[in-house]
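Colleague: Generate a structure from the sequence data that follows.
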Amino acid sequence: MTGSLIRGDHISCSRVGGAMRRESSQLCRHAQSLADALSDLVATQEPHADTSMTPMAATGTSATATSAAVATSLRALLATADDLDRAGAALQRFATDLAEGHELGRRAERRVQEAGLFLDGTRVIEPWGPASAPEAERRRAELPEVQSRVDLATAHVGRARGRLAREMTRLTEDFSAHSREARLARQAPLPPRGI
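Modeller: Numbers count the residues shown, from 1 in each chain. From the prediction side, this is the model:
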């Protein structure tokens with residue numbers, strides 16, 4: 001028997017998930033800085049002042065559009081940070097499931113060896129060659145139970161991979177939507193310099 005029944009590196013998955021969650025936290029800090037800057041910008045605009053006679057009158061609409069663009073970018077940044085945290089958490093859950101799958105796989109492989117059987121991929125088979133009638137009968141009797149242990153390990157990891165794939169597909173769509181929203185916000189006009 002070569003290789004391992006269950007493939008995948010649960011330690012790396014956990015580390016990548018943790019790194020994603022740290023990046024999410026950093027994005028939240030950046031979002032807070034952006035929110036503070038937006039609050040300062042809005043506070044400097046005097047909505048009740050008569051701006052019809054000032055140079056700011058011509059740029060009032062532009063400043064409002066800029067504030068709206070920054071607010072849109074802020075929402076996209078916060079949504080991205082939340083989704084990045086969800087992606088990291090999903091990877092860490094998968095890492096836990098994968099570690100459990102490795103343990104189930106080790107137990108199943110040990111049981112295959114103890115029964116004198118072999119693995120062909122995920123299928124438990126009897127070895128080729130002569131065997132006594134009692135030995136062959138014992139192997140045939142143990143084969144269904146041993147196969148069920150192998151199936152349990154592979155199904156456990158298969159379900160975990162399916163959950164991870166569904167979550168990553170959903171998050172990929174969300175990330176794309178946030179990216180489009182941020183790109184549209186960047187197209188807003190900036191106020192003229194020096195005003």
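
Colleague: Okay, now the unreliable bits of the chain?
Modeller: Within the chain, the segments meeting pLDDT under 70 span 1-3, 45-63, 187-195.

Colleague: who does the lengthiest helix in it touch, helix- and strand-wise?
Modeller: Longest helix in the chain by number of residues (criterion: DSSP state H): helix 56-114. If contacts are counted by 3 or more CB pairs under 8 Å, 6 or more residues apart in numbering; DSSP states H and E, helix 56-114 sits against helix 10-44, strand 118-120, helix 133-186. From N, CA and C alone the C-beta is placed, and that goes for glycine too.

Colleague: give the contact list for residue 104.
Modeller: Residue 104 is in contact with 6, 149, 152, 153, 156, counting by CB atoms under 8 Å, 6 or more residues apart in numbering.

Colleague: same question, residue 138
Modeller: Counting by CB under 8 Å, 6+ apart, residue 138 touches residue 116.

Colleague: Out of the contacts of residue 104, which end up buried?
Modeller: 6, 149, 153, 156 (16 or more other CB atoms under 10 Å).

Colleague: Do I have it right that the last one meets residue 100?
Modeller: Yes - judged on CB atoms under 8 Å, residue 156 makes contact with residue 100 at a distance of 6.5 Å.

Colleague: ok, back up a step: include distance to residue 70 when you put the helices and strands packed on helix 56-114 into JSON lines, please.
Modeller: Formatted as JSON lines, the helices and strands packed on helix 56-114 follow (distance: least, CB to CB, whole Å):
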{"stretch": "helix 10-44", "distance to residue 70": "5"}
{"stretch": "strand 118-120", "distance to residue 70": "59"}
{"stretch": "helix 133-186", "distance to residue 70": "8"}
